[in-house]
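Asks: Sharing a model that was predicted from the sequence below.
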Amino acid sequence: MTLKLASLLLAGAVSLTAMQAAAADKVTLQLKWVTQAQFAGYYVAKDKGFYEEEGLDVEIKPGGPDIAPPQVLVGGGADVIVDWMPSALATREKGVPLVNIAQPFKASGMMLTCLKETGITKPEDFKGKTLGVWFFGNEYPFLSWMSTLGIKTDGSDGGVTVLKQGFNVDPLLQKQAACISTMTYNEYWQVIDAGIKEDELVTFQYEKEGVATLEDGLYVLEDKLNDPAFKEKMVKFVRASMKGWKWAEENPDDAAEIVLENDASGAQTEVHQKRMMGEVAKLTAGSNGALDEADYKRTVATLLGGGSDPVITKEPEGAYTLDITNEALK
């Protein structure tokens, strides 16, 4: 092969690659939180070329304490976001028309983790105690649960005092709160890693208490779904994302490594991410991406059941669509 021919072939290959990149449909995904195994399916789909196979060029934006995914969506900074359904439905009722297009997480990983020394053995024992609660939309499942129990959250007699918890476990370690909000796959293990033994803790999982609400789902703005091209793009995105999630479930350690490779902060550790992926796989197991309408109705009923202070005040309309997953699963 002559040098000239080799150069022409190389130039042609580069040109073809550039054309393919230009032809790929751009999709921007805004995560609910920082890069971690909670979002492994999306990083796997990108790393393994599942998005590329669908003709998509996907950018994954990490979240953080100062990032509200619905605001990013409304501002045009993302096409699709990861959010919890309580937050999404409350946001929708306030006028931001979020629509669930897929539900990768089947089960809830949320729980309250309490120090056994406080004497708490059952939910009724929360009365008179200080409880750490996440805000920025994450407080809604907690408020619904307390309403179900008939426990006020204003610090009054017979109620609980709510401590606005940062995204750490310090209030429990420093004994500022009897219980704190944790996820089965993350903060609970941070407590353990801090030196508190499992037999020194009491946990109350929302799933087991019958007040679980749907967590990580995929949401878009309602008017976008009027565009057939956008809908087709979301079909491809969901199909590839779920392929990523199923791969992550089957290869948890490898999926955790892919997450670590994408962690620009360098804050995550191999031990924690592998453990997290193992726990997250339990929550995505059983989901093919389609929202289970029974799970949706249970979430809505929980959020409406807040007595005088419900998270949402009326039954949502148009808050989800099965069109995307019906097409993606063909």
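Replies: Cool, the structure landed. What you are looking at is a predicted structure, and each value in this text was computed from that prediction instead of being measured. Numbers count the residues shown, from 1 in each chain.

Asks: So which residue is dead centre in the protein?
Replies: D216 (3.1 Å; CA atoms, centre = their mean).

Asks: Show me which helix runs longest in this protein.
Replies: Looking across the chain with DSSP state H, the single longest helix is helix 228-250.

Asks: where does the stretch 101-250 of the chain have low pLDDT?
Replies: Counting by pLDDT under 70, the stretch 101-250 of the chain contains no low-confidence segment.

Asks: 80 instead, please
Replies: 136-137 (pLDDT under 80).

Asks: Now do the helices in it.
Replies: 140-149, 170-173, 187-193, 228-250 (DSSP state H, counting those that start in this stretch).

Asks: Buried ones in the shortest one, by neighbour count?
Replies: Read that as helix 170-173. Across helix 170-173, burial judged by 16 or more other CB atoms under 10 Å covers 171-173. All C-beta atoms are positioned from the backbone trio N, CA, C, and that covers glycine.

Asks: Name all residues that make contact with the residue nearest to the centre of the chain.
Replies: 32, 38-39, 82-84, 104-105 (CB atoms under 8 Å, 6 or more residues apart in numbering).

Asks: Relative to M183, how far out is it?
Replies: Separation of D216 from M183 (CB to CB, to the nearest Å): 11 Å.

Asks: Please apply the same query to Q71.
Replies: 23 Å.

Asks: higher neighbour count, these two?
Replies: Just comparing Q71 and M183: by other CB atoms under 10 Å the higher neighbour count belongs to M183, 23 against 14.

Asks: who's that one bridged to?
Replies: Here M183 sits in beta bridges with M110, going by DSSP bridges.

Asks: And it, how close does it get to A248?
Replies: For M183, the distance to A248 - CB to CB - is 17 Å.

Asks: rewinding a little: so what sits against both of D216 and M183?
Replies: Q38.

Asks: any chance of the helices of the stretch 101-250 of the chain in TSV, plus distance to T302?
Replies: Formatted as TSV, the helices of the stretch 101-250 of the chain follow (distance: least, CB to CB, whole Å):
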stretch	distance to T302
helix 140-149	5
helix 170-173	25
helix 187-193	22
helix 228-250	25
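
Asks: Those helices: which one's closest to G305?
Replies: With CB to CB as the criterion, G305 lies closest to helix 140-149 of the helices of the stretch 101-250 of the chain, at 5.9 Å.

Asks: How far does that closest one sit from its chain's centre?
Replies: 19 Å (CA atoms, centre = their mean, to the nearest Å).

Asks: buried ones in it?
Replies: 140-148.

Asks: cool, and stretch 23-32?
Replies: 25, 27-32.

Asks: mind putting these in TSV, distance to N262 and pLDDT included?
Replies: Formatted as TSV, the buried residues of stretch 23-32 follow (distance: CB to CB, whole Å; pLDDT from 0 to 100):
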residue	distance to N262	pLDDT
D25	21	96
V27	16	98
T28	15	98
L29	12	98
Q30	15	98
L31	11	98
K32	16	96
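
Asks: Tabulate these (TSV), appending secondary structure and distance to R239.
Replies: Converted to TSV, those look like this (DSSP: H, G, I helix; E, B strand; the rest coil; distance: CB to CB, whole Å):
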residue	secondary structure	distance to R239
D25	strand	13
V27	strand	12
T28	strand	18
L29	strand	14
Q30	strand	20
L31	coil	19
K32	coil	21
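
Asks: Just the closest of those to L163, please.
Replies: K32 (21.8 Å).

Asks: The residue nearest to W145 when sequence neighbours are not counted: what's it in contact with?
Replies: Closest residue in space to W145, ignoring its immediate chain neighbours: V211 at 4.4 Å, by CB to CB, 6 or more residues apart in numbering. With contacts defined as CB under 8 Å, 6+ apart, V211 is in contact with 141, 144-145, 148, 302.

Asks: Now with 10 Å, please.
Replies: Applying CB atoms under 10 Å, 6 or more residues apart in numbering to V211 gives the contacts 108, 110, 123, 141-142, 144-149, 204-205, 298-299, 302, 305.

Asks: same check, this time on H272
Replies: 36-37, 185-186, 189-190, 193, 256, 260.

Asks: Give me the PyMOL select line for the residues you listed, limited to the buried ones.
Replies: A single PyMOL command suffices to select whichever of the contacts of H272 are buried according to 16+ other CB under 10 Å:
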select buried, resi 36+37+185+186+189+190+256+260
